[in-house]
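> could you look at this predicted model? Sequence included:
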Amino acid sequence: MFSFCTDPSVLPDWQWMACYLTTGKHMGFYWSFLTVLTLLAITAPASLAMGFFGAISARARVAPLRWFGKGYISIVRGVPDIAFFLFFVIALDQGFEWMRHQVLCPDWTDPIRQGNDFLVCPDAKLPLGNAAQWIHEVYGFSLAVMTFAIVFGAFAANVLFGAMQAVPRAQLETAEAYGMSERQTFWRILVPQMWVYALPGLGNLWMVLIKATPLLFLLGVEDIVYWARELGGAKTARFTDYPHGDWRMWYFFALLVFYLAFTRVSEIVLDRLMDKLTHGQATSGGEAQRKAVAP
């Protein structure tokens, strides 16, 4: 990037480091931070939406829908996350390819399952073999986002289900006494009130989601953990222009600082959001606020 980077072997320390930190591979490392933030920005609302649907399903009066909601919550919560992360990525990928195979290759006669291999026609592959590299990366990232949403949606569903159960029944009965329908009571009374009870659990889930982003590395996405390992552990054979020893400790220390700073900012935002939600509410948080302003 700098004009003096033509011959790194003759550079003084500070110029060598400036050139080293602006290589193309380091730009990929910096870009990976945006990848993590994008994952969180997409996965958080997607997980919340799936959690809301799961919680509604678990409260449904229709038995099959209620079984589905409770089963979704119980199964995903009862299996280690890493198992589901690895399972859903493979299952979603093969599911999409199978559907494309049925539509695009109806005359295909060979079995799709051949021992341990999953073979579809070339036109059904995702992405296509001649697709650009960025398409492969976007497709892999999309599978990771859907996997995160499914897994953390189950935890969000459990939190929202408990929050709905925590809303005082007297408030719902009062709404019914005023002539509100069941749907009006749900959307105007239950849903607004439940966030006060759900936010602590959702806040903890947000922290867990932040800490789970390094799992992108296991899903084949070049995230910050991937680059920290690659750049920190680089040797002379791989980086002939900028040889160095094992610097992984410093790269992972940078990740430590990043995650600690991010979680601290999240705590501040969640605390302010809780103060806003509990203002004037008949909760312990609202009572603390009233006492604080009382003369």
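Sure, I can see it.
> give the burial count for F155, as a bare number.
Residues near F155, counting by other CB atoms under 10 Å, number 22. No exception for glycine: its C-beta is placed from N, CA and C like everyone else's.
> next up, the contacts around it.
S47, G51, V76, R77, L205, V208 (CB atoms under 8 Å, 6 or more residues apart in numbering).
> if any of those residues are buried, put those into a ChimeraX selection.
In ChimeraX syntax, the buried subset of the contacts of F155 is picked out as below (16 or more other CB atoms under 10 Å):
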select :47,51,76,205
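> dump the contacts of F155 into JSON lines; add pLDDT, distance to P214 and secondary structure as well.
What follows is those, written out as JSON lines (pLDDT from 0 to 100; distance: CB to CB, whole Å; DSSP: H, G, I helix; E, B strand; the rest coil):
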{"residue": "S47", "pLDDT": "93", "distance to P214": "17", "secondary structure": "helix"}
{"residue": "G51", "pLDDT": "92", "distance to P214": "22", "secondary structure": "helix"}
{"residue": "V76", "pLDDT": "82", "distance to P214": "20", "secondary structure": "helix"}
{"residue": "R77", "pLDDT": "78", "distance to P214": "21", "secondary structure": "helix"}
{"residue": "L205", "pLDDT": "92", "distance to P214": "17", "secondary structure": "helix"}
{"residue": "V208", "pLDDT": "90", "distance to P214": "12", "secondary structure": "helix"}
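> could you check how far the residue positioned nearest the centre of the chain is from G232?
By CA atoms, centre = their mean, the chain has its centre lying nearest to T43, at 4.1 Å. Separation of T43 from G232 (CB to CB, to the nearest Å) stands at 27 Å.
> buried residues of stretch 66-77, list them for me.
Neighbour-count burial for stretch 66-77 [16+ other CB under 10 Å]: F68, G69, K70, Y72, I73, V76.
> ugh, typo on my part, it should be stretch 167-176
Buried-residue list, stretch 167-176, by 16+ other CB under 10 Å: V167, L172, A175.
> contact partners for the residue nearest to the centre of the chain?
Here T43 is in contact with V145, F148, A149, F152, L209 (criterion: CB under 8 Å, 6+ apart).
> just the buried residues of the helix or strand it falls within, please?
Assessed by DSSP states H and E, T43 sits inside helix 24-58. Within helix 24-58, the residues that qualify as buried are 26, 29, 32, 35-36, 39-40, 42-44, 46-48, 50-58, counting by 16+ other CB under 10 Å.
> ok, Q114 - how many residues close by?
Using other CB under 10 Å: Q114 sits among 9 other residues.
> over to it: give its phi and psi.
Main-chain torsions, Q114, degrees, to the nearest 10: phi -120, psi 90.
> using pLDDT, spot the least trustworthy of the buried residues of stretch 66-77.
Least confident of these in the model: V76, at 82.
> ok, and the closest non-adjacent residue to that one?
Computed as CB to CB, 6 or more residues apart in numbering, the closest residue to V76 that is not its neighbour in sequence is A154, at 3.4 Å.
> neighbours of the one you found, just the number please.
The burial count assigned to A154 is 24, neighbours taken as other CB under 10 Å.
> confirm for me that it is in contact with V79.
No - A154 lies out of contact with V79 (CB atoms under 8 Å); the separation is 9.7 Å.
> and E173, what element?
Assigned by DSSP H and E, E173 falls in helix 169-177.
> so which residues of this structure form helices?
Remark: helices assigned in the chain by DSSP state H are 13-20, 24-58, 63-78, 81-104, 133-166, 169-177, 182-185, 191-212, 224-232, 248-278, 284-293.
> would you reformat the ones you listed as CSV and include distance to A124?
Shown next, in CSV, are the helices of the chain (distance: least, CB to CB, whole Å):
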stretch, distance to A124
helix 13-20, 44
helix 24-58, 26
helix 63-78, 29
helix 81-104, 4
helix 133-166, 14
helix 169-177, 50
helix 182-185, 43
helix 191-212, 31
helix 224-232, 29
helix 248-278, 38
helix 284-293, 54
